[in-house]
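> A structural model of the following input is requested.
(chains A, B, C and D)
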There are 2 protein chains.
Amino acid sequence: MVAVLKRKIRVILADDHPVVRDGLATMVNQQPDMEVVAEAGDGEEAITLYEQHQPDVMVLDLRMPKRDGVAVVQRVLEAHPKACLLIMTTYDGDEDIFQCLSQGAKGYLLKDARRQEILSAIRAVAEDRPYTSSSVAAKALQRMAKPSLTQRELDVLQLVAQGRSNKDIARRLSITEGTAKTHVKAILTKLDAISRTEAVAVAHKRGMIRL
Amino acid sequence: MVAVLKRKIRVILADDHPVVRDGLATMVNQQPDMEVVAEAGDGEEAITLYEQHQPDVMVLDLRMPKRDGVAVVQRVLEAHPKACLLIMTTYDGDEDIFQCLSQGAKGYLLKDARRQEILSAIRAVAEDRPYTSSSVAAKALQRMAKPSLTQRELDVLQLVAQGRSNKDIARRLSITEGTAKTHVKAILTKLDAISRTEAVAVAHKRGMIRL
DNA sequence: CTTTTTCTCCCTCTAAAGGAATAGTCCGGC
DNA sequence: GCCGGACTATTCCTTTAGAGGGAGAAAAAG
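Below you'll find the predicted structure:
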């Protein structure tokens, strides 16, 4: 089936859990057509190792110490526009998916995927074919229909999620309480929430904030 | 070092991510003194397989489909008080840790633990010695100094976290709005929060609610 | 250079949330 | 039987949030 003479797919794994790296490494190295060339335990390391090894595929966890997945995607792609990045994470919020894919990641899959699906995804991405399961694609499409929050609104949302009052938020951002309220109002409208607490729930579910 | 004639430690792995199970299985099976006898992908399966195999150790993820880790700990230990359960999870909220350990889990460790630590933990738990890293132990102690929420307060907190208003909460729980406020007030006091949104943030960080 | 978006600030008004204190009922433990 | 915790409910009062507007300045997009 697999061409014996073909060069193996060179893979870097980036995940902060040694157990997950072991699992992936075992799976990958058992395949005749691929091999793990390096493993990273955080975002910084992922970027460094990509530079060093220039692999065919990098499998990336979204939440990692030092620099999170989205930031790694951004950095690597701006230096290597042809990089094939496969996001592999437990988070299925539409915002995470949207951010990664719109920034140029070639694939996005969830950690509860079966072994075969993971391997197929790596092979697809290695050939520069995008890999997106139907459920993930659906979320990305959902997200596109929703209004985006501005940077300032995200700043405010972050503070709202920490339980800060409008007055408190205003003080921290050096704006008036009225302005803080204006931003909160915009957030509620865009997230279709009737209270700040609901807005936090929605934003969290969508992966817009990290608590 | 390891006695060759000694019976191997029989381990069951319960985690909803195939990748994690693979990683753990590989690590465990490489050791001369232990072996994986079964793998479960959800809570129900974990309970069933424990009954069937009666392993020396069961390694449990906290968040699993169908039945979560705490519930599995409860069920297995009420049928087998001597069961050696090792919790392995990404969540380090004091409530999770406290619940598991106080219900009789023998160990609790985080998924970012190094390989050696994981194996040591399995060996410790297999010999009925509790395994608790210092950071985890510290959180359990912290939790003991904090007031517990009553069941009703947890019900209310869950609804608060979904963004419901006091009136809404009252309707859903068939109580008056005043009573809902009383509960919310008690929650704020116990969690040392000044607003419901902060209470949600605190509760989430402590692992008291699942969003 | 326009146009649009973003960020800022302002107003009024109503509804909701939160602080403080009190109290009756029920249930389980001692 | 008594006591304490849990759940329920109440009243009074203050503060905060949120709905509904409008509006100017700056920055980004066209």
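> mind checking pLDDT for the residue nearest the centre of chain A?
Centroid-nearest residue in chain A, with CA atoms, centre = their mean: residue A:62, separated by 4.3 Å. With respect to pLDDT, residue A:62 has a value of 93.
> same question, the one 3 residues further on
Reading off the confidence values, residue A:65 has pLDDT 93.
> any idea how many residues pack against it?
Neighbours of residue A:65 under the rule other CB atoms under 10 Å in any protein chain shown: 12. For glycine as for every other residue, the C-beta is placed from the backbone atoms N, C-alpha and C.
> sec struct for it, please.
Classification of residue A:65 using DSSP: H, G, I helix; E, B strand; the rest coil returns coil.
> just the CA trace of the top helix by length along chain A, in PDB.
Longest helix of chain A, by residue count under DSSP state H: helix A:177-191. Taking Å, rounded to 0.1, in the frame of the first residue of the first chain, the C-alpha atoms of helix A:177-191 are listed here in PDB:
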ATOM      1  CA  GLU A 177     -17.600  54.000  34.100                       C
ATOM      2  CA  GLY A 178     -20.000  55.100  31.400                       C
ATOM      3  CA  THR A 179     -17.600  53.900  28.700                       C
ATOM      4  CA  ALA A 180     -17.100  50.600  30.500                       C
ATOM      5  CA  LYS A 181     -20.900  50.200  30.500                       C
ATOM      6  CA  THR A 182     -21.000  51.100  26.800                       C
ATOM      7  CA  HIS A 183     -18.500  48.300  26.100                       C
ATOM      8  CA  VAL A 184     -20.300  45.800  28.300                       C
ATOM      9  CA  LYS A 185     -23.500  46.700  26.500                       C
ATOM     10  CA  ALA A 186     -21.900  46.000  23.200                       C
ATOM     11  CA  ILE A 187     -20.600  42.700  24.500                       C
ATOM     12  CA  LEU A 188     -24.000  41.600  25.700                       C
ATOM     13  CA  THR A 189     -25.500  42.500  22.300                       C
ATOM     14  CA  LYS A 190     -22.900  40.700  20.300                       C
ATOM     15  CA  LEU A 191     -22.900  37.600  22.500                       C
END
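> three-state assignment of the residue nearest to the centre of chain A?
Put simply, residue A:62 is coil when judged by three-state DSSP.
> who are the contact partners of it?
A:68, A:69, A:70, A:87, A:89, A:91, A:96, A:100 (CB atoms under 8 Å, 6 or more residues apart in numbering or on different chains).
> give me the subset of these touching chain B.
Contacts with chain B are made by none of the contacts of residue A:62, judged by CB under 8 Å from any CB of the partner chain.
> what does chain A have sitting close to DNA strand C?
Chain A comes close to DNA strand C at residues A:148, A:150-153, A:173, A:175-176, A:178-179, A:181-183, A:195, as judged by CB under 7 Å from any atom of the strand.
> can we see that at 6 Å?
Taking CB under 6 Å from any atom of the strand, the part of chain A that reaches DNA strand C is made up of A:150, A:151, A:152, A:153, A:175, A:176, A:178, A:179, A:182, A:183, A:195.
> excluding chain neighbours, what is closest to the last one?
Distance criterion CB to CB, 6 or more residues apart in numbering or on different chains; nearest residue to residue A:195, sequence neighbours excluded, is residue B:163 at 5.4 Å.
> got any ranges where chain A has weak pLDDT?
Along chain A, segments meeting pLDDT under 70 span A:1-5.
> ok and the residue in it nearest DNA strand D?
Nearest residue of chain A to DNA strand D, counting by CB to the nearest atom of the strand: residue A:165, 2.8 Å away.
> what residues are up against that residue?
If you count contacts by CB under 8 Å, 6+ apart, residue A:165 has them with B:194, B:195.
> now with 7 Å, please.
Shown in contact with residue A:165 (CB atoms under 7 Å, 6 or more residues apart in numbering or on different chains): residue B:195.
> now residue A:38: which helix or strand?
Element membership for residue A:38, per DSSP states H and E: strand A:34-40.
> check the offset of whichever helix or strand comes after that strand from the chain's centre.
Note on strand A:34-40: by DSSP H and E, the next helix or strand toward the C-terminus is helix A:43-53. Centroid separation for helix A:43-53 versus its chain: 17 Å, with CA atoms, centre = their mean, to the nearest Å.
> residue boundaries of the strands in chain A?
Counting by DSSP state E, chain A has strands at residues A:9-14, A:34-40, A:57-60, A:85-89, A:107-110, A:131-132.
> could those go into CSV alongside distance to residue B:20 and mean neighbour count?
Compiled in CSV, the strands of chain A are given as follows (distance: least, CB to CB, whole Å; neighbours: other CB atoms under 10 Å in any protein chain shown):
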stretch, distance to residue B:20, mean neighbour count
strand A:9-14, 13, 23
strand A:34-40, 15, 19
strand A:57-60, 14, 28
strand A:85-89, 12, 25
strand A:107-110, 13, 24
strand A:131-132, 21, 21
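> and the gap between residue A:98 and residue A:59?
20 Å (CB to CB, to the nearest Å).
> no no, residue A:199
According to CB to CB, residue A:199 and residue A:59 sit 33 Å apart.
> please apply the same query to residue A:160.
34 Å.
> do the same with residue A:21
Look at residue A:21 and residue A:59: by CB to CB, they are 9 Å apart.
> what residues are shared contacts of these two?
Shared contacts of residue A:21 and residue A:59, counting by CB under 7 Å, 6+ apart, come down to residue A:13.
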